[in-house]
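Trainee: can you look at this prediction? I've put the sequence above it.
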Amino acid sequence: MRLPESQVAVLEAASATDERTIEQLSEATGLKPETVTGAAFDLEDAGLVTVATAEAVSHALTAEGETYADAGLPEVRLYRAAVDAGADADPVPMGEVIGAAALDGPEVDIALANYARKGYGEVASGEIRADPEADPEADSEAAALAALVADEAVADDDALDQLVRRGLADRNERTVRSVTLTDEGVTALMEGIEAAETVDRLTPEMLTSGEWRDVEFTPYNVEADAPERQGGKVHILRQTAERVKDTLVGMGFREMDGPHADSEFWINDCLFMPQDHPARTHWDQFALDVAPMADIPEDLLERVRSAHLDGVGDDGDGYHSPWTEEVAREIDLRGHTTSLSMRYLSGHEIGDLEPPERFFSVEKVYRNDTLDPTHLLEFFQIEGWVMAEDLSVRDLMGTFEEFYEQFGITDLQFKPHYNPYTEPSFELFGTHPETGELIEIGNSGMFREEVLRPLGVECDVMAWGLALERLLMLMYGFDDIRDVHGTLCDLDLLRETEVLH
Ligand SMILES: N[C@@H](Cc1ccccc1)C(=O)O
(Lines give C-alpha, C1' and ligand atoms only; values in the text may rest on other atoms or scores of the structure.)
Protein backbone atom coordinates (compact mmCIF):
# COMPACT_ATOMS: atom_id res chain seq x y z
CA MET A 1 0.00 0.00 0.00
CA ARG A 2 1.22 3.48 -0.82
CA LEU A 3 0.19 6.41 1.33
CA PRO A 4 1.34 10.01 1.71
CA GLU A 5 4.22 10.43 4.17
CA SER A 6 2.22 12.14 6.87
CA GLN A 7 -0.36 9.34 6.88
CA VAL A 8 2.35 6.70 7.13
CA ALA A 9 3.87 8.55 10.08
CA VAL A 10 0.53 8.80 11.89
CA LEU A 11 -0.29 5.15 11.18
CA GLU A 12 3.07 4.06 12.57
CA ALA A 13 2.72 6.21 15.67
CA ALA A 14 -0.83 5.05 16.38
CA SER A 15 -1.66 2.00 18.47
CA ALA A 16 -4.39 -0.64 18.25
CA THR A 17 -4.72 -0.86 22.02
CA ASP A 18 -4.23 2.72 23.28
CA GLU A 19 -5.99 5.83 22.12
CA ARG A 20 -3.41 8.43 21.12
CA THR A 21 -4.44 12.08 21.05
CA ILE A 22 -3.62 14.33 18.13
CA GLU A 23 -1.25 16.13 20.48
CA GLN A 24 0.62 12.95 21.35
CA LEU A 25 0.80 11.91 17.71
CA SER A 26 2.03 15.34 16.76
CA GLU A 27 4.81 15.01 19.31
CA ALA A 28 5.69 11.49 18.18
CA THR A 29 5.78 12.31 14.47
CA GLY A 30 7.10 15.86 14.61
CA LEU A 31 4.18 16.90 12.40
CA LYS A 32 1.98 19.91 13.12
CA PRO A 33 -1.29 19.08 14.91
CA GLU A 34 -3.34 20.24 11.92
CA THR A 35 -1.34 17.95 9.61
CA VAL A 36 -1.89 15.03 11.98
CA THR A 37 -5.62 15.77 12.12
CA GLY A 38 -5.83 15.87 8.33
CA ALA A 39 -3.91 12.62 8.01
CA ALA A 40 -6.03 10.97 10.72
CA PHE A 41 -9.26 11.84 8.93
CA ASP A 42 -7.90 10.53 5.62
CA LEU A 43 -6.82 7.31 7.34
CA GLU A 44 -10.25 7.04 8.92
CA ASP A 45 -11.86 7.39 5.47
CA ALA A 46 -9.63 4.55 4.28
CA GLY A 47 -10.78 2.43 7.25
CA LEU A 48 -7.29 2.20 8.77
CA VAL A 49 -7.95 4.10 12.01
CA THR A 50 -10.88 5.37 14.05
CA VAL A 51 -10.97 8.93 15.31
CA ALA A 52 -12.83 9.54 18.56
CA THR A 53 -13.87 12.99 19.67
CA ALA A 54 -14.24 14.10 23.27
CA GLU A 55 -14.72 17.42 25.03
CA ALA A 56 -11.99 18.17 27.51
CA VAL A 57 -12.70 20.64 30.29
CA SER A 58 -9.96 22.54 32.04
CA HIS A 59 -9.89 25.42 34.50
CA ALA A 60 -7.54 28.36 34.76
CA LEU A 61 -7.32 30.92 37.53
CA THR A 62 -8.36 34.49 36.78
CA ALA A 63 -6.22 37.38 38.02
CA GLU A 64 -8.46 37.64 41.09
CA GLY A 65 -8.09 33.89 41.64
CA GLU A 66 -4.29 34.25 41.49
CA THR A 67 -4.41 36.99 44.11
CA TYR A 68 -6.40 34.84 46.54
CA ALA A 69 -4.23 31.82 45.82
CA ASP A 70 -1.36 33.91 47.20
CA ALA A 71 -3.06 35.83 49.97
CA GLY A 72 -5.80 33.38 50.94
CA LEU A 73 -9.55 33.62 50.28
CA PRO A 74 -10.98 36.78 51.89
CA GLU A 75 -13.46 34.81 54.04
CA VAL A 76 -10.69 32.50 55.29
CA ARG A 77 -8.55 35.50 56.18
CA LEU A 78 -11.54 37.02 57.97
CA TYR A 79 -12.14 33.81 59.94
CA ARG A 80 -8.51 33.50 61.00
CA ALA A 81 -8.38 37.14 62.07
CA ALA A 82 -11.70 36.73 63.93
CA VAL A 83 -10.42 33.69 65.82
CA ASP A 84 -7.15 35.49 66.63
CA ALA A 85 -9.22 38.35 68.05
CA GLY A 86 -11.16 35.94 70.22
CA ALA A 87 -14.42 36.04 68.24
CA ASP A 88 -14.81 32.29 68.73
CA ALA A 89 -15.58 33.05 72.36
CA ASP A 90 -17.21 36.54 72.34
CA PRO A 91 -18.32 38.85 69.51
CA VAL A 92 -15.65 41.34 68.40
CA PRO A 93 -16.18 44.72 66.62
CA MET A 94 -16.04 44.25 62.84
CA GLY A 95 -13.65 47.12 62.05
CA GLU A 96 -10.94 45.62 64.23
CA VAL A 97 -11.09 42.21 62.52
CA ILE A 98 -11.27 43.64 59.00
CA GLY A 99 -8.14 45.67 59.71
CA ALA A 100 -6.33 42.66 61.15
CA ALA A 101 -7.33 40.52 58.12
CA ALA A 102 -5.88 43.25 55.83
CA LEU A 103 -9.10 43.25 53.78
CA ASP A 104 -9.45 46.16 51.46
CA GLY A 105 -12.18 47.70 49.26
CA PRO A 106 -14.40 45.12 47.55
CA GLU A 107 -12.66 42.28 49.44
CA VAL A 108 -14.63 43.24 52.54
CA ASP A 109 -17.99 42.52 50.89
CA ILE A 110 -16.65 39.35 49.31
CA ALA A 111 -15.36 38.15 52.68
CA LEU A 112 -18.65 38.90 54.44
CA ALA A 113 -20.84 37.24 51.80
CA ASN A 114 -18.82 34.03 51.82
CA TYR A 115 -18.19 34.00 55.56
CA ALA A 116 -21.84 33.44 56.31
CA ARG A 117 -22.41 31.11 53.33
CA LYS A 118 -19.64 28.78 54.47
CA GLY A 119 -20.73 28.76 58.09
CA TYR A 120 -17.58 30.42 59.44
CA GLY A 121 -19.74 32.46 61.74
CA GLU A 122 -22.04 35.44 61.67
CA VAL A 123 -21.98 39.20 61.56
CA ALA A 124 -24.64 41.25 63.31
CA SER A 125 -24.86 44.87 64.49
CA GLY A 126 -21.26 45.59 63.58
CA GLU A 127 -19.90 42.62 65.50
CA ILE A 128 -18.47 39.36 64.26
CA ARG A 129 -18.63 35.89 65.77
CA ALA A 130 -16.55 32.92 64.66
CA ASP A 131 -17.79 29.35 64.88
CA PRO A 132 -15.14 27.49 66.88
CA GLU A 133 -16.06 24.27 65.03
CA ALA A 134 -15.35 25.67 61.57
CA ASP A 135 -12.13 24.49 59.93
CA PRO A 136 -10.51 26.73 57.32
CA GLU A 137 -8.08 23.91 56.51
CA ALA A 138 -11.06 21.97 55.13
CA ASP A 139 -12.27 24.81 52.88
CA SER A 140 -13.00 23.04 49.59
CA GLU A 141 -12.73 26.21 47.50
CA ALA A 142 -9.34 27.04 49.00
CA ALA A 143 -8.23 23.47 48.25
CA ALA A 144 -9.44 23.70 44.64
CA LEU A 145 -7.67 27.04 44.26
CA ALA A 146 -4.41 25.57 45.56
CA ALA A 147 -4.73 22.55 43.26
CA LEU A 148 -5.25 24.80 40.22
CA VAL A 149 -2.13 26.81 41.08
CA ALA A 150 -0.14 23.58 41.40
CA ASP A 151 -1.55 22.38 38.07
CA GLU A 152 -3.11 19.37 39.78
CA ALA A 153 -6.40 17.72 38.86
CA VAL A 154 -9.37 18.88 40.93
CA ALA A 155 -11.90 16.18 41.68
CA ASP A 156 -14.35 18.39 43.56
CA ASP A 157 -16.66 19.65 40.78
CA ASP A 158 -18.82 21.68 43.16
CA ALA A 159 -15.82 23.60 44.44
CA LEU A 160 -14.69 24.25 40.86
CA ASP A 161 -18.15 25.48 39.84
CA GLN A 162 -18.16 27.76 42.84
CA LEU A 163 -14.78 29.23 41.86
CA VAL A 164 -16.11 29.86 38.36
CA ARG A 165 -19.24 31.51 39.77
CA ARG A 166 -17.07 33.72 41.98
CA GLY A 167 -15.01 34.75 38.95
CA LEU A 168 -11.88 33.18 40.44
CA ALA A 169 -11.45 30.60 37.68
CA ASP A 170 -12.43 30.32 34.02
CA ARG A 171 -13.77 27.12 32.57
CA ASN A 172 -12.37 26.19 29.16
CA GLU A 173 -13.68 23.51 26.87
CA ARG A 174 -11.90 22.10 23.92
CA THR A 175 -12.28 19.20 21.54
CA VAL A 176 -9.76 16.39 21.90
CA ARG A 177 -9.46 13.86 19.09
CA SER A 178 -7.83 10.48 19.63
CA VAL A 179 -6.77 7.92 17.07
CA THR A 180 -6.80 4.11 17.33
CA LEU A 181 -5.67 1.61 14.69
CA THR A 182 -8.39 -0.62 13.25
CA ASP A 183 -7.77 -4.28 12.34
CA GLU A 184 -7.27 -3.20 8.71
CA GLY A 185 -4.78 -0.64 9.92
CA VAL A 186 -2.79 -3.29 11.78
CA THR A 187 -2.87 -5.61 8.74
CA ALA A 188 -1.77 -2.83 6.40
CA LEU A 189 1.15 -2.03 8.69
CA MET A 190 2.19 -5.69 8.81
CA GLU A 191 2.01 -6.00 5.05
CA GLY A 192 4.20 -2.94 4.72
CA ILE A 193 3.35 0.57 3.63
CA GLU A 194 5.34 2.64 1.24
CA ALA A 195 5.49 6.35 1.79
CA ALA A 196 4.61 8.35 -1.26
CA GLU A 197 6.43 11.61 -1.15
CA THR A 198 3.77 14.23 -1.49
CA VAL A 199 4.12 17.94 -1.88
CA ASP A 200 1.83 20.34 -0.06
CA ARG A 201 2.70 23.52 -1.91
CA LEU A 202 3.73 24.55 -5.37
CA THR A 203 6.92 26.62 -5.42
CA PRO A 204 8.34 28.89 -8.14
CA GLU A 205 11.35 26.51 -8.28
CA MET A 206 9.07 23.56 -9.11
CA LEU A 207 7.48 25.56 -11.88
CA THR A 208 10.78 26.62 -13.48
CA SER A 209 12.39 23.21 -13.16
CA GLY A 210 9.31 21.40 -14.43
CA GLU A 211 9.41 19.19 -11.31
CA TRP A 212 5.71 19.91 -10.69
CA ARG A 213 4.89 17.43 -13.50
CA ASP A 214 6.22 14.46 -11.53
CA VAL A 215 5.33 15.19 -7.90
CA GLU A 216 2.26 13.96 -6.09
CA PHE A 217 0.26 16.75 -4.41
CA THR A 218 -1.34 16.30 -1.02
CA PRO A 219 -5.10 16.65 -1.35
CA TYR A 220 -6.67 19.51 0.56
CA ASN A 221 -8.59 18.56 3.65
CA VAL A 222 -10.91 21.40 4.40
CA GLU A 223 -12.08 19.74 7.61
CA ALA A 224 -8.69 19.60 9.26
CA ASP A 225 -8.44 21.55 12.49
CA ALA A 226 -6.42 24.63 11.96
CA PRO A 227 -5.44 27.40 14.31
CA GLU A 228 -8.07 30.11 14.42
CA ARG A 229 -6.99 33.35 12.81
CA GLN A 230 -8.59 36.63 13.81
CA GLY A 231 -8.18 39.05 10.98
CA GLY A 232 -8.95 42.69 11.44
CA LYS A 233 -12.34 43.87 10.28
CA VAL A 234 -14.36 47.02 10.16
CA HIS A 235 -16.35 47.47 13.38
CA ILE A 236 -19.99 46.62 12.96
CA LEU A 237 -21.06 50.06 14.09
CA ARG A 238 -18.83 51.68 11.48
CA GLN A 239 -20.15 49.30 8.82
CA THR A 240 -23.70 50.24 9.73
CA ALA A 241 -22.80 53.95 9.74
CA GLU A 242 -21.45 53.58 6.21
CA ARG A 243 -24.60 51.79 5.15
CA VAL A 244 -26.75 54.53 6.65
CA LYS A 245 -24.73 57.11 4.75
CA ASP A 246 -25.10 55.21 1.47
CA THR A 247 -28.83 54.88 2.08
CA LEU A 248 -29.29 58.59 2.74
CA VAL A 249 -27.13 59.57 -0.22
CA GLY A 250 -29.33 57.22 -2.26
CA MET A 251 -32.36 59.17 -0.97
CA GLY A 252 -30.84 62.41 -2.27
CA PHE A 253 -29.20 63.75 0.90
CA ARG A 254 -25.82 65.50 1.17
CA GLU A 255 -23.49 65.07 4.16
CA MET A 256 -22.76 67.74 6.77
CA ASP A 257 -19.75 67.90 9.02
CA GLY A 258 -18.57 70.21 11.77
CA PRO A 259 -17.02 70.56 15.21
CA HIS A 260 -17.50 68.05 18.03
CA ALA A 261 -16.75 70.84 20.51
CA ASP A 262 -18.98 73.77 19.61
CA SER A 263 -20.42 76.93 21.12
CA GLU A 264 -23.63 76.80 23.08
CA PHE A 265 -24.87 79.20 20.44
CA TRP A 266 -24.96 76.56 17.71
CA ILE A 267 -25.83 73.72 20.07
CA ASN A 268 -28.65 75.39 22.03
CA ASP A 269 -29.38 79.06 21.37
CA CYS A 270 -30.15 78.68 17.67
CA LEU A 271 -32.53 75.92 18.73
CA PHE A 272 -34.55 78.34 20.83
CA MET A 273 -33.57 76.57 24.01
CA PRO A 274 -33.81 79.25 26.75
CA GLN A 275 -30.54 79.75 28.58
CA ASP A 276 -32.07 79.26 32.03
CA HIS A 277 -34.34 76.40 31.07
CA PRO A 278 -33.84 72.90 32.47
CA ALA A 279 -33.74 71.80 28.83
CA ARG A 280 -30.24 73.26 28.70
CA THR A 281 -29.06 70.95 31.44
CA HIS A 282 -31.48 68.32 30.23
CA TRP A 283 -28.86 67.45 27.65
CA ASP A 284 -26.38 67.23 30.45
CA GLN A 285 -23.66 68.28 28.15
CA PHE A 286 -19.95 68.18 28.92
CA ALA A 287 -18.75 71.78 29.28
CA LEU A 288 -15.16 72.49 28.25
CA ASP A 289 -12.89 74.86 30.09
CA VAL A 290 -11.53 76.57 26.97
CA ALA A 291 -11.62 80.02 25.41
CA PRO A 292 -15.12 81.13 24.32
CA MET A 293 -16.00 81.14 20.62
CA ALA A 294 -15.12 84.52 19.09
CA ASP A 295 -16.37 84.14 15.54
CA ILE A 296 -20.14 83.93 15.77
CA PRO A 297 -21.81 85.94 12.97
CA GLU A 298 -22.94 89.20 14.62
CA ASP A 299 -26.19 89.62 12.69
CA LEU A 300 -27.29 86.05 13.42
CA LEU A 301 -26.31 86.42 17.07
CA GLU A 302 -28.51 89.51 17.29
CA ARG A 303 -31.50 87.81 15.60
CA VAL A 304 -31.24 84.78 17.88
CA ARG A 305 -30.97 87.03 20.93
CA SER A 306 -34.06 88.90 19.86
CA ALA A 307 -36.00 85.68 19.23
CA HIS A 308 -35.19 84.59 22.78
CA LEU A 309 -36.09 87.95 24.34
CA ASP A 310 -39.03 89.13 22.21
CA GLY A 311 -40.09 86.15 20.14
CA VAL A 312 -40.60 86.13 16.38
CA GLY A 313 -43.37 87.75 14.32
CA ASP A 314 -46.03 90.32 15.24
CA ASP A 315 -47.69 88.32 17.99
CA GLY A 316 -44.49 86.48 18.94
CA ASP A 317 -43.39 86.37 22.55
CA GLY A 318 -39.95 85.63 23.96
CA TYR A 319 -38.97 83.76 27.06
CA HIS A 320 -38.75 86.81 29.34
CA SER A 321 -35.70 85.23 30.86
CA PRO A 322 -32.06 86.30 30.87
CA TRP A 323 -30.00 85.75 27.72
CA THR A 324 -26.34 86.60 27.53
CA GLU A 325 -23.75 86.45 24.81
CA GLU A 326 -21.24 85.03 27.30
CA VAL A 327 -23.29 81.89 27.74
CA ALA A 328 -23.85 81.63 24.00
CA ARG A 329 -20.09 81.70 23.37
CA GLU A 330 -19.19 78.95 25.86
CA ILE A 331 -17.89 75.68 24.45
CA ASP A 332 -19.45 72.25 25.08
CA LEU A 333 -19.07 68.83 23.58
CA ARG A 334 -22.13 68.70 21.38
CA GLY A 335 -25.03 66.76 22.92
CA HIS A 336 -26.65 66.44 19.52
CA THR A 337 -25.62 67.06 15.94
CA THR A 338 -28.52 69.46 15.48
CA SER A 339 -25.72 72.04 15.91
CA LEU A 340 -24.59 71.04 12.42
CA SER A 341 -28.10 71.50 11.04
CA MET A 342 -28.09 75.04 12.50
CA ARG A 343 -24.72 75.82 10.93
CA TYR A 344 -25.84 74.62 7.50
CA LEU A 345 -29.34 76.14 7.63
CA SER A 346 -27.87 79.52 8.64
CA GLY A 347 -26.08 79.73 5.31
CA HIS A 348 -22.75 80.25 7.10
CA GLU A 349 -21.40 76.80 6.30
CA ILE A 350 -21.84 76.46 2.55
CA GLY A 351 -23.72 79.62 1.59
CA ASP A 352 -27.43 80.34 1.29
CA LEU A 353 -29.60 77.38 0.43
CA GLU A 354 -32.53 77.33 -1.96
CA PRO A 355 -35.34 74.82 -1.32
CA PRO A 356 -35.57 71.92 -1.84
CA GLU A 357 -32.49 70.79 0.11
CA ARG A 358 -31.70 67.64 2.06
CA PHE A 359 -28.77 67.17 4.44
CA PHE A 360 -27.61 64.51 6.91
CA SER A 361 -24.75 63.51 9.18
CA VAL A 362 -23.86 60.30 11.00
CA GLU A 363 -21.66 61.61 13.76
CA LYS A 364 -20.73 61.25 17.38
CA VAL A 365 -22.51 63.14 20.16
CA TYR A 366 -21.72 63.30 23.88
CA ARG A 367 -24.07 63.20 26.83
CA ASN A 368 -23.52 62.87 30.51
CA ASP A 369 -25.95 59.97 30.82
CA THR A 370 -25.88 57.11 33.28
CA LEU A 371 -24.47 54.01 31.61
CA ASP A 372 -27.00 51.21 31.15
CA PRO A 373 -27.90 48.67 28.47
CA THR A 374 -29.29 51.40 26.19
CA HIS A 375 -27.13 54.42 27.13
CA LEU A 376 -23.49 55.33 26.62
CA LEU A 377 -21.70 58.61 27.25
CA GLU A 378 -21.10 58.97 23.54
CA PHE A 379 -23.12 57.61 20.69
CA PHE A 380 -23.74 58.23 17.01
CA GLN A 381 -26.63 60.34 15.87
CA ILE A 382 -28.15 60.12 12.43
CA GLU A 383 -29.06 63.76 11.97
CA GLY A 384 -31.06 64.95 8.99
CA TRP A 385 -33.34 67.59 7.63
CA VAL A 386 -35.36 68.42 4.56
CA MET A 387 -36.02 72.01 3.54
CA ALA A 388 -38.96 72.51 1.16
CA GLU A 389 -42.19 74.43 0.63
CA ASP A 390 -45.30 73.05 2.34
CA LEU A 391 -43.93 70.07 4.24
CA SER A 392 -46.26 68.13 6.49
CA VAL A 393 -45.93 65.53 9.20
CA ARG A 394 -46.85 62.93 6.59
CA ASP A 395 -43.65 63.79 4.69
CA LEU A 396 -41.71 63.25 7.89
CA MET A 397 -43.31 59.88 8.62
CA GLY A 398 -42.98 58.79 5.01
CA THR A 399 -39.28 59.62 5.02
CA PHE A 400 -38.72 57.49 8.15
CA GLU A 401 -40.69 54.63 6.71
CA GLU A 402 -38.64 54.73 3.53
CA PHE A 403 -35.36 54.96 5.46
CA TYR A 404 -35.99 52.24 8.05
CA GLU A 405 -37.45 49.88 5.49
CA GLN A 406 -33.97 49.62 3.94
CA PHE A 407 -32.85 48.09 7.23
CA GLY A 408 -35.74 45.65 7.48
CA ILE A 409 -37.62 47.72 10.07
CA THR A 410 -41.24 48.11 9.06
CA ASP A 411 -43.10 48.45 12.35
CA LEU A 412 -42.33 52.06 13.30
CA GLN A 413 -44.50 53.77 15.88
CA PHE A 414 -44.77 57.52 16.47
CA LYS A 415 -45.50 59.27 19.74
CA PRO A 416 -46.19 63.01 20.14
CA HIS A 417 -43.32 64.69 21.94
CA TYR A 418 -42.01 68.10 22.98
CA ASN A 419 -38.82 69.84 21.85
CA PRO A 420 -38.28 73.58 22.38
CA TYR A 421 -37.29 73.80 18.71
CA THR A 422 -39.87 71.75 16.85
CA GLU A 423 -43.66 71.88 16.64
CA PRO A 424 -45.10 69.35 16.23
CA SER A 425 -42.53 66.86 17.54
CA PHE A 426 -42.48 63.07 17.43
CA GLU A 427 -40.52 60.31 19.05
CA LEU A 428 -39.99 57.19 16.99
CA PHE A 429 -40.14 53.66 18.35
CA GLY A 430 -39.32 50.23 16.95
CA THR A 431 -39.76 46.72 18.36
CA HIS A 432 -36.69 44.87 19.62
CA PRO A 433 -36.55 41.59 17.69
CA GLU A 434 -35.53 39.49 20.72
CA THR A 435 -37.25 41.06 23.71
CA GLY A 436 -40.31 42.39 21.88
CA GLU A 437 -39.89 45.65 23.82
CA LEU A 438 -40.66 48.99 22.20
CA ILE A 439 -37.46 50.99 22.12
CA GLU A 440 -37.04 54.64 21.33
CA ILE A 441 -34.97 55.07 18.20
CA GLY A 442 -35.26 58.75 17.42
CA ASN A 443 -36.72 62.19 17.89
CA SER A 444 -38.02 64.51 15.20
CA GLY A 445 -40.26 67.37 14.23
CA MET A 446 -40.85 70.49 12.14
CA PHE A 447 -38.54 73.38 13.09
CA ARG A 448 -40.55 76.24 14.54
CA GLU A 449 -40.53 79.83 13.33
CA GLU A 450 -38.42 80.91 16.31
CA VAL A 451 -35.65 78.70 14.94
CA LEU A 452 -36.08 79.29 11.21
CA ARG A 453 -36.62 83.07 11.07
CA PRO A 454 -33.36 84.08 12.76
CA LEU A 455 -31.56 81.62 10.45
CA GLY A 456 -33.18 83.38 7.49
CA VAL A 457 -35.06 80.31 6.28
CA GLU A 458 -38.43 81.11 4.78
CA CYS A 459 -39.85 77.68 3.98
CA ASP A 460 -40.57 74.54 6.01
CA VAL A 461 -37.86 72.34 7.49
CA MET A 462 -38.52 68.89 8.92
CA ALA A 463 -35.70 67.38 10.96
CA TRP A 464 -34.62 64.49 13.14
CA GLY A 465 -31.95 62.88 15.25
CA LEU A 466 -31.91 59.08 15.24
CA ALA A 467 -29.64 56.84 17.29
CA LEU A 468 -27.36 54.65 15.22
CA GLU A 469 -26.79 52.26 18.13
CA ARG A 470 -30.52 51.73 18.57
CA LEU A 471 -30.84 50.95 14.85
CA LEU A 472 -28.08 48.39 15.37
CA MET A 473 -30.00 46.86 18.29
CA LEU A 474 -33.09 46.44 16.13
CA MET A 475 -31.11 45.03 13.22
CA TYR A 476 -28.99 42.54 15.14
CA GLY A 477 -31.03 41.93 18.27
CA PHE A 478 -28.23 43.16 20.59
CA ASP A 479 -29.72 43.79 24.00
CA ASP A 480 -26.84 45.58 25.69
CA ILE A 481 -25.18 48.38 23.81
CA ARG A 482 -22.14 48.08 26.08
CA ASP A 483 -21.35 44.76 24.35
CA VAL A 484 -20.95 46.61 21.07
CA HIS A 485 -18.77 49.56 21.92
CA GLY A 486 -16.95 51.13 24.78
CA THR A 487 -14.58 49.62 27.28
CA LEU A 488 -16.86 46.70 28.18
CA CYS A 489 -17.41 45.50 24.62
CA ASP A 490 -17.67 41.80 23.89
CA LEU A 491 -14.87 41.00 21.43
CA ASP A 492 -16.19 37.55 20.55
CA LEU A 493 -19.60 38.98 19.75
CA LEU A 494 -17.98 41.60 17.51
CA ARG A 495 -15.81 39.00 15.78
CA GLU A 496 -18.60 36.55 15.24
CA THR A 497 -21.55 38.74 14.29
CA GLU A 498 -22.29 38.34 10.64
CA VAL A 499 -22.82 41.51 8.71
CA LEU A 500 -26.36 42.01 7.42
CA HIS A 501 -26.65 43.31 3.88
N1 LIG B 1 -31.79 67.02 18.72
C2 LIG B 1 -32.78 65.98 18.92
C3 LIG B 1 -33.16 65.33 17.64
C4 LIG B 1 -33.92 66.25 16.74
C5 LIG B 1 -33.27 66.90 15.72
C6 LIG B 1 -33.96 67.76 14.91
C7 LIG B 1 -35.31 67.95 15.11
C8 LIG B 1 -35.97 67.30 16.13
C9 LIG B 1 -35.27 66.45 16.96
C10 LIG B 1 -32.20 64.91 19.87
O11 LIG B 1 -31.02 64.87 20.05
O12 LIG B 1 -32.92 64.11 20.40
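Mentor: Looks like it came in fine.

Trainee: tally of neighbours for the residue in the stretch 1-150 of the chain positioned nearest to the ligand?
Mentor: Nearest residue of the stretch 1-150 of the chain to the ligand (C-beta to the nearest ligand atom) works out as Pro106 at 36.8 Å. Where you see a C-beta, it was placed from the backbone N, CA and C, and this is true even at glycine. By other C-beta atoms under 10 Å, 10 other residues sit near Pro106.

Trainee: all strands for the stretch 251-400 of the chain, in order.
Mentor: Per DSSP state E, counting those that start in this stretch, the stretch 251-400 of the chain carries strands over the ranges 254-255, 261-263, 331-333, 357-366, 378-388.

Trainee: okay, those in TSV with distance to the ligand and mean neighbour count next?
Mentor: Formatted as TSV, the strands of the stretch 251-400 of the chain follow (distance: least, C-beta to the nearest ligand atom, whole Å; neighbours: other C-beta atoms under 10 Å):
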stretch	distance to the ligand	mean neighbour count
strand 254-255	16	13
strand 261-263	13	20
strand 331-333	13	20
strand 357-366	7	21
strand 378-388	6	22
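
Trainee: out of these, which gets nearest to Thr175?
Mentor: strand 378-388 (39.5 Å; C-beta to C-beta).

Trainee: pretty sure Met273 sits against Pro420.
Mentor: Yes: Met273 is within contact range of Pro420, at 4.8 Å (criterion: C-beta atoms under 8 Å).

Trainee: which parts of the stretch 301-450 of the chain sit against the ligand?
Mentor: 336, 338, 419, 422, 443-445 (C-beta under 6 Å from any ligand atom).

Trainee: out of the residues you listed, which is most surrounded?
Mentor: Of these, with other C-beta under 10 Å as the count, Thr338 tops at 29 neighbours.

Trainee: and it, what pLDDT?
Mentor: Thr338 is assigned 97 on the pLDDT scale.

Trainee: could you do the one 3 residues further on as well?
Mentor: pLDDT, Ser341: 98.

Trainee: what about it, distance to Trp266?
Mentor: 9 Å (C-beta to C-beta, to the nearest Å).

Trainee: in the stretch 101-250 of the chain, what residue is nearest the ligand?
Mentor: Counting by C-beta to the nearest ligand atom, the stretch 101-250 of the chain gets nearest to the ligand through Leu248 (14.6 Å).

Trainee: how about stretch 263-276, which residues are buried there?
Mentor: 263-275 (16 or more other C-beta atoms under 10 Å).

Trainee: returning to that earlier point: residues near the residue of the stretch 101-250 of the chain closest to the ligand, how many?
Mentor: 21.

Trainee: residues contacting the nearest residue to it once chain neighbours are set aside?
Mentor: Excluding the flanking residues, the one nearest Leu248 by C-beta to C-beta, 6 or more residues apart in numbering is Phe360, at 4.5 Å. Residues near Phe360 by C-beta atoms under 8 Å, 6 or more residues apart in numbering: 245, 248, 253-256, 382-385.

Trainee: the same query, at a cut-off of 7 Å, please.
Mentor: Contacts for Phe360 (C-beta atoms under 7 Å, 6 or more residues apart in numbering) come out as 248, 253, 255-256, 382-384.

Trainee: try Val51
Mentor: 40-41, 44, 177, 179.

Trainee: was I right about Val199 contacting Asp214?
Mentor: No: if you go by C-beta atoms under 7 Å, Val199 and Asp214 don't touch, sitting 9.9 Å apart.

Trainee: so for the two, which sits in the more crowded spot?
Mentor: More crowded of Val199 and Asp214, by other C-beta under 10 Å: Val199, with 15 against 8.

Trainee: got the phi and psi for the residue nearest to the more buried one when sequence neighbours are not counted?
Mentor: Using C-beta to C-beta, 6+ apart and skipping the chain neighbours, the partner closest in space to Val199 is Val215 (4.5 Å). Main-chain torsions, Val215, degrees, to the nearest 10: phi -80, psi 160.

Trainee: can you count the residues close to Val215?
Mentor: The burial count for Val215: 13, using other C-beta under 10 Å.

Trainee: same thing with Ala102?
Mentor: So Ala102, with other C-beta under 10 Å, has 12 neighbours.

Trainee: could you do Tyr476 as well?
Mentor: 18.

Trainee: thought it was touching Glu498?
Mentor: No: taking contacts as C-beta under 7 Å, Tyr476 lies outside contact range of Glu498: 9.1 Å.

Trainee: one step back: need the contacts of Val51 in TSV (columns: neighbour count).
Mentor: Putting the contacts of Val51 into TSV (neighbours: other C-beta atoms under 10 Å) gives the following:
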residue	neighbour count
Ala40	28
Phe41	18
Glu44	15
Arg177	20
Val179	29
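
Trainee: for the residues you listed, give me TSV that also has pLDDT.
Mentor: TSV is the format used below for those (pLDDT from 0 to 100):
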residue	pLDDT
Ala40	95
Phe41	93
Glu44	95
Arg177	95
Val179	97
